[in-house]
Each structure stands twice: as C-alpha cells, then as structure tokens.
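Student: give me a model of this one.
(one chain, ligands or ions: 1)
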Amino acid sequence: MLRKQSIVFEHKKGLHARVAALIVRKANQLQNKYKDKLFIGRDEGNLLPATSLISVTSTNVKYKDEMLVVSKGGNADKSIIEFVDFLKGRFDLENKSNRDTIDQLLQEATLTMDKVFNNIANGVIIVDKEGIITAFNPAAERITELSANKVIGEEINSIIPNSRLKYIIDSGEAEVGKRQEINQATIITNRTPIFYNNKIIGAVAVFQDISTLERLSGELKEVKVLKERLDLILESVQDGICVINKDGIIEYVNPTYSKMLDIDEEDIVGYPVEEIYDDKNYQKVLNTGEGITGVVREKNNDIVIISNIYPIQVDGEVDGVVLVSKKKTEIEKLADHLKELSAKAEYLEQELKREKKLDSSFKRIIGRSGVLKDSLVRASKAAETSSTVLIRGESGTGKELVAEAIHYASSRKDKPFIRVNCAAIPSSLIESELFGHEKGSFTGAINKKVGKFELADGGTIFLDEIGELSIELQVKLLRVLQEREFERVGGIDRISVDIRVITATNRNLEEMIKDGDFREDLYYRLNVIPIILPPLRERKEDIPLLSDYFLHTLSDKLNKKVDSISQEAIDLLTNYSWPGNVRELQNIIERVINFTDHLEIQVEDLPDYLKNNYKNENSLINLNSNGEVASLEEYEREIIKQALKKHKSFNATGKVLGVTHKTVAAKARKYGLVKK
Ligand SMILES: Nc1ncnc2c1ncn2[C@@H]1O[C@H](COP(=O)(O)OP(=O)(O)OP(=O)(O)O)[C@@H](O)[C@H]1O
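Tutor: Presented below is the predicted three-dimensional model:
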C-alpha cells in the first residue's frame, strides 16, 4: 500500500538540523510500530528516506515550502496520518529528552559525514566566503599532491590558482562537470556555492581524477586501431589462419582458410575442431606449449593442407593455438618459383663478382660475353701476383691488350711495360734485342745497347708470339726465367733483373713440343697462369658492342661524324666468322668510317666479302685437288702469298688481312715468301 500527502511546512526555520533530528526520531518510531517505510521530499522525483538525518536535511525544505510525505507498507493509512500530524505540530526543541535525541543524531550524522569526507574517492575542497580553505579531504591531497595541513587556512587562489571557487562565491552560480588540469592529472569537477539562510557562506569543489580513465580510453582506442589493422591483415594474407581456443573450439578463421577448406565461416567458427577434421596435433601444442611445423592434413583426399601450429601464450599460460596453413599445391608452386629465383640470383651474383673483381685497367677491354669475362677475371687475379702468364688465342683476339691490363692492374704499374714481338725481329737480332750487347760484340754493334730485359727491370716484359722464338733463344730465356740474371751479348758481367714475364702465342705449343720445336721445360715455366682468349666468332654477342665502341672511338679519332650502324649491317657483322678477330673488325670499321658518306653505316658500306659470306653459305676456301681440306698453315701461306702479290707492302697486306704489318712480315718469312 502506498499513501502520500502534500503539506506546507510551517516551522519558522525550515527543515534545519535540529528539527530534522526530531523528524528522523519520529520516523524511526513509526517505522518500528507499523513496519512501513516513510519518505519525504519536495516532489515525487526527489523522495528521500525520512529515517536518515542526512537525507532529511538535504531536502532543503524551508518555511512555508510545500512538501510531499509518502508511506509504503501494510499500515500506510495509519502511519501517514500520524507522521503528517507530527510534521504539522510544534517542535519542542527545549525539551530535555528532545535535546538529547537531537545531540545524539547530530553527532552520528557528523561522524558519518566525517567518514564519507575522509574516505570517498572524490576530492573535496571547501572554502569560506573569503576563499580561505576550511576543508581538504585525503582524496584532494592525493590528486593535488598537496598536504591538508599546509593548505587549510590559506587563500584558495594562492594554492590552486585555477580553482574558480572565488568566482563561484561571487556569482552564486554552480558549475558542473568542468575539466581542469592539476599537476599531471586531469580532473572533472563540480563547484557549488554553499548557502545558509539565503546567504553564500562559502563554496565546495568535488572532483574526480580521470587521468587513468583517459589513459585507459586512449589505450582502448589504440587497441581498436590495432585490432582493425590485424583484421585487415588477416583478411588479406594468402595463408589460411585458424585460431582454436584451449577447449578445442574454433574461434576464428580468415577467409583464405574457409576458402581452402571450402566451408563457410559460420559453419566452422564456434564448432569443436574434431567435428571439422580429425587431427590431434593441436592438442599436443596445447599440452606442451611447443609449436609443430609441417603438419599434413588431407581433406576428401584431394586437398592436401600443410600447417604450422603455434601456441598462443597469455601470461605464460597456453590459451589456445593458431594454425597457419597453405595448400600443398601452392607450396609446390612457391618452391618452384623460389628455385627459379635462386638460380637467377646465383647467376647475377656470379656476374656481379666478375664485374667487381675486374680492375679498372680492364675497362678498356670491351665485351660482356661469359667466355671473355671468365678470362678477364683470371687475368685480373693474375695481376695480383708476379707469376708468369701465358696468354693464348688467335691473332687479333686482344692478347696484347690483356697483357697490358695485367701490368697496369699490378703493383708494377709505375714501372715499364716492355713489349717484344718475337716474330717481327730477325732471329739474328733477337738475342741482342732481348739482352743487349756490348760495343763491338758483333759486326754492326757500334754502340753498347741495353736490352729489353734490362729496360723492363722492376716492370713487365711482354714476349708476344713466343712460339716464334728459336730453340737456342728458348734455352737462354729459360735461364733468365730461372736465374733472373743474364749477360749482354759479348759481355761478361751478369745483370740481374726483377721482372714479371707475360708471353703470348697463337701457336699450338703442345704440338710444337711434340715436333721438337718448343722446349717442354720452358713451356712449363711460361704456362704458370694460362689465359685463353676466345675467338670473336665464339662470342658473337660482343660484336655489336665492339662495333659500336670502335665506331665512336675511331670516328672521334678520324674526326668524321658517323654515329650509328644499321641493324642490317650489325646482323651482317655478327654473322661473319672473323678469322682476324677483333683487329679485323676494328680495321673494317675504320675503313668504313673513312669511306662512307652516311651518318649511319649501311650494309653497302661494308666490304663485299662480308656480304658474300652472308648471302650464300658458299665457302671462301677451296678444297684440295683430292677433295680434302688442307692444313691451316697451307691456307695461311696461300692467303699471305696472294695478298702480298696484290698489295705489295706488309702494311697494305696487314690492313686487308686485319693483322699487323709485323705479323705479315713474320708469316711471310716463316713461309719463305720473302728472304729471311
Ligand atoms: N675486347 C677488346 N676490346 C677493345 N679492343 C680490342 C679488344 N680485343 C682486341 N682489341 C683491339 O684489337 C686489336 C688487336 O688486339 P691485340 O693486338 O691485343 O691482339 P693480339 O691477340 O695480341 O693479336 P696478335 O696475336 O696478332 O698480336 C687492338 O687494337 C686491340 O686494341
């Protein structure tokens, strides 16, 4: 039962503390008597228990204010009548028993308020109407990091300049839910004026530290962002991801995983893992906390899935597992791709090593073919030592160029590089050419001559066409190589030298040894580091590069503007067999630059024999009368003979054949085409 009644409060001083104490005592007596609950308040929305002094005083009912009285319970009819009568009656504040009750209740209320004041988590600061701090609870001490002892009695603005309590006293207006920074803390504060008898007697600030709250909400935001990112990653990765909790229930699968198993997400998430597939490995990971890799599972015998299973640890405890899976076919595809990539990487690494290893003095040697690069890497390595080098290769393949590069890449680079073409010097002179002679040592030795070996002291001597050296001189050379000492022709003093020897030949020295034309011991002395330069026809990819290089260097040198070569002309050059190798190519380009009227070299600018060679596969070479191919030397003899007949001089013949005049001279002598 609920009964209510409105009354006008007639006590002159309103519902102040002592009157309230008597009301509370009466309400308690009635509640004991009728077992009803009694409430009072200004209206229905603000009813408070009539049995609590704090509640009753806080209704703030004044003289002549309307006030609502409510009773709930079985005897509400009676209790409300008795209570209203009491409220309308006189309050005898002087009566002794009443006074004791009042004192006791006020004491209780004060103690309660004290407890609340000291123990609530909110900070409370009270100031009087002058703004002097009169109360400062422990929570306020903690939040402001100020001690109550030090601040009580002080003027509020000198302690907390932005407190606004003075403003509240002046304006009489409350402020609710205001944000404020104190020390490092952020607080939310309510500031209220305190009225007594309609006059402001002070103000109170009640505030709460929300820094932790703010930090937590910041962290929450970060976690949300993190989660969103993680979701995005999981949704877009190519691996299938499945999370199983410690009870064996599937908690999450990403789209790749459900696609892989061909099951919709809702048909798998929330189900025990055993219902989806029969595999106990996840259980092992849950039990041991150790991951397992490469678990193979088959679904319907056609989809094979390979998974790594990792434990999810939370505070050191295994809380579940995560499966990272791929289809076997994908792994196979990846493995193939990886193989391809590592083969490519290996190739590139090799290429890079080759490039890196080459000293800059090798930069003049043009060509990117593997066979050439291999030889150059070897040569570059040889440059780091002082060992004897033997360079093999057909005429015009760049043997001298490489010998020079070795010298200039070596520690001897500041000392002389002396070249001697053993084929170009008459045999009668070669000894004195190499070792020098004393004055008058032979007819014609008018002056003393310093030999090439002496000239090369400290540096490198390059003996080109070593295969042309007579047996007699081979012996002398061997001695020099062994002893690093020699005598001048006609001299007796021994001259010691510090030289590095590089030799080169286009002859088959092994055959010559068999025929007794070359000393085996000398061969081994010379062949310490063999370097073989491949003929140009075996590295056709270098032809466009070399053609372009010669075009630019020679057109500059000849001061003639020719800037390119047509693709057709390049094709023609590439298909030719280049018996004279790079030298022949260089000569042709030089000749073409001299004679062409075009800015771009055309097929018609190139010599006819290149075109014939290109147009039909007919050979330039006739077979013997018996239908057999003759020996190279026979052809060489015939070619030089014909060319000399037509062009007369060694120089002109050399140009046409793409070899030096020295080579022509040496070969002509060798084949008995001219007098020795
Ligand atoms: N890879 C190359 N890059 C640039 N120029 C080259 C290259 N190979 C050779 N040459 C040039 O070709 C010409 C012939 O080279 P080189 O004299 O070194 O050959 P060789 O093998 O010593 O010949 P020979 O056996 O007839 O003496 C030279 O002018 C040289 O500069």
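
Student: closest residue of the stretch 401-550 of the chain to the ligand?
Tutor: Of all residues in the stretch 401-550 of the chain, the one sitting closest to the ligand is Leu401 (3.8 Å; Cβ to the nearest ligand atom). From N, CA and C alone the C-beta is placed, and that goes for glycine too.

Student: likewise the stretch 1-150 of the chain?
Tutor: Glu145 (83.2 Å).

Student: for that residue, which non-adjacent residue is spatially closest?
Tutor: Asn183 (5.5 Å; Cβ to Cβ, 6 or more residues apart in numbering).

Student: surely the one you found touches Thr144?
Tutor: Yes - if you go by Cβ atoms under 8 Å, Asn183 and Thr144 touch, sitting 6.7 Å apart.

Student: and these two? Which one has more around it.
Tutor: Thr144 (22 against 12; other Cβ atoms under 10 Å).

Student: tell me which element Ser6 is part of?
Tutor: Using DSSP states H and E, Ser6 sits in strand 2-8.

Student: now the element after the host helix or strand of Leu348, going C-ward?
Tutor: Applying DSSP H and E as the criterion places Leu348 in helix 328-357. Going down the chain from helix 328-357, the next helix or strand is helix 370-382, by DSSP H and E.

Student: which other helices and strands does that following helix contact?
Tutor: helix 328-357, strand 389-392, helix 399-409, strand 529-532 (3 or more Cβ pairs under 8 Å, 6 or more residues apart in numbering; DSSP states H and E).

Student: measure Thr212 to the ligand for me?
Tutor: 77 Å (Cβ to the nearest ligand atom, to the nearest Å).

Student: so what's the residue of the stretch 151-300 of the chain found nearest the ligand up against?
Tutor: The ligand sits closest to Gln238 of the stretch 151-300 of the chain, with a gap of 48.4 Å, by Cβ to the nearest ligand atom. For Gln238, the contacting residues are Thr256, Lys326, Glu330, by Cβ atoms under 8 Å, 6 or more residues apart in numbering.

Student: give me that answer again for 7 Å
Tutor: Thr256 (Cβ atoms under 7 Å, 6 or more residues apart in numbering).

Student: what average pLDDT does the helix holding Leu348 get?
Tutor: Mean per-residue pLDDT for helix 328-357: 74.

Student: got the residues of the stretch 551-676 of the chain near the ligand?
Tutor: When proximity is defined by Cβ under 6 Å from any ligand atom, the stretch 551-676 of the chain lies next to the ligand at Val582, Arg583, Gln586, Val659, Thr660, Thr663.

Student: need the residues you listed in JSON lines with pLDDT, distance to Tyr524 and neighbour count, can you?
Tutor: Shown next, in JSON lines, are these (pLDDT from 0 to 100; distance: Cβ to Cβ, whole Å; neighbours: other Cβ atoms under 10 Å):
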{"residue": "Val582", "pLDDT": "95", "distance to Tyr524": "29", "neighbour count": "27"}
{"residue": "Arg583", "pLDDT": "94", "distance to Tyr524": "30", "neighbour count": "22"}
{"residue": "Gln586", "pLDDT": "95", "distance to Tyr524": "34", "neighbour count": "19"}
{"residue": "Val659", "pLDDT": "88", "distance to Tyr524": "29", "neighbour count": "24"}
{"residue": "Thr660", "pLDDT": "87", "distance to Tyr524": "29", "neighbour count": "21"}
{"residue": "Thr663", "pLDDT": "89", "distance to Tyr524": "27", "neighbour count": "25"}
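
Student: and the residue of the stretch 351-500 of the chain found nearest the ligand, what's its pLDDT?
Tutor: The ligand sits closest to Gly398 of the stretch 351-500 of the chain, with a gap of 2.7 Å, by Cβ to the nearest ligand atom. pLDDT for Gly398: 94.

Student: before we move on, back to that, give the contact list for the residue of the stretch 401-550 of the chain closest to the ligand.
Tutor: Contacts of Leu401 by Cβ under 7 Å, 6+ apart are Arg364, Ile365.

Student: again, but for Val127
Tutor: Taking Cβ under 7 Å, 6+ apart as the test, what Val127 contacts is Ile133, Thr134, Ile156, Leu165, Gly202, Ala203.

Student: the first one bridge partners, please.
Tutor: The reference is to Ile133. With DSSP bridges as the criterion, Ile133 is bridged to Val127.

Student: so Lys646 is in which element?
Tutor: Counting by DSSP H and E, Lys646 is found in helix 632-647.

Student: tell me how far the next helix or strand after that helix lies from the chain's centre.
Tutor: Following helix 632-647 in sequence order, the next helix or strand is helix 650-657 (DSSP H and E). Distance of helix 650-657 from its chain centroid, counting by Cα atoms, centre = their mean, to the nearest Å, is 59 Å.

Student: just give me the neighbour total for the closest residue to Ile331 other than its chain neighbours.
Tutor: Spatially, and ignoring its direct neighbours in sequence, Ile331 is nearest to Ile306 (6.0 Å; Cβ to Cβ, 6+ apart). A total of 16 residues lie near Ile306 under the criterion other Cβ under 10 Å.

Student: who's Ile306 bridged to?
Tutor: Taking DSSP bridges as the rule, Ile306 bridges to Val296, Lys326.

Student: circling back: ok, the residue of the stretch 401-550 of the chain closest to the ligand to Lys363 distance?
Tutor: As defined by Cβ to Cβ, to the nearest Å, Leu401 lies at a distance of 11 Å from Lys363.

Student: likewise Asp65?
Tutor: Applying Cβ to Cβ to Asp65 and Lys363 gives a distance of 108 Å.

Student: same drill for those two, tell me which one is more crowded.
Tutor: Neighbours per residue (other Cβ under 10 Å) separate Asp65 from Lys363, with Asp65 holding more: 15 against 9.

Student: got the phi and psi for that one?
Tutor: With angles defined as degrees, to the nearest 10, Asp65 sits at phi -80, psi 150.

Student: quick check: pLDDT value at it.
Tutor: pLDDT at Asp65 comes out at 89.

Student: spatially nearest residue to it, not counting backbone neighbours?
Tutor: Closest to Asp65 by Cβ to Cβ, 6+ apart is Phe9, at 5.2 Å.

Student: okay, now the one you found: neighbour count?
Tutor: So Phe9, with other Cβ under 10 Å, has 18 neighbours.

Student: the one 3 residues further on now?
Tutor: By the criterion of other Cβ under 10 Å, Lys12 has 10 neighbours.

Student: same question for the one 5 residues further on.
Tutor: Using other Cβ under 10 Å, the number of residues around Ala17 comes to 15.

Student: so what's it up against?
Tutor: Thr57, Leu106.

Student: what do you get for the one 10 residues further on?
Tutor: If a contact means Cβ under 7 Å, 6+ apart, then Ala27 has Leu38, Ala50, Thr51, Phe83 as its contacts.

Student: for the ligand, what are the nearby residues on the chain?
Tutor: 365-367, 393, 395-401, 464, 504, 506, 546, 582-583, 586, 659-660, 663.

Student: tell me the domain ranges of the chain?
Tutor: As recorded under automatic domain parsing, the domains making up the chain are 2-112, 120-213, 238-357, 361-532, 544-670.

Student: Throw these into JSON lines and include distance to Glu538, thanks.
Tutor: As requested, those are arranged in JSON lines below (distance: least, Cβ to Cβ, whole Å):
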{"stretch": "domain 2-112", "distance to Glu538": "106"}
{"stretch": "domain 120-213", "distance to Glu538": "81"}
{"stretch": "domain 238-357", "distance to Glu538": "18"}
{"stretch": "domain 361-532", "distance to Glu538": "6"}
{"stretch": "domain 544-670", "distance to Glu538": "10"}
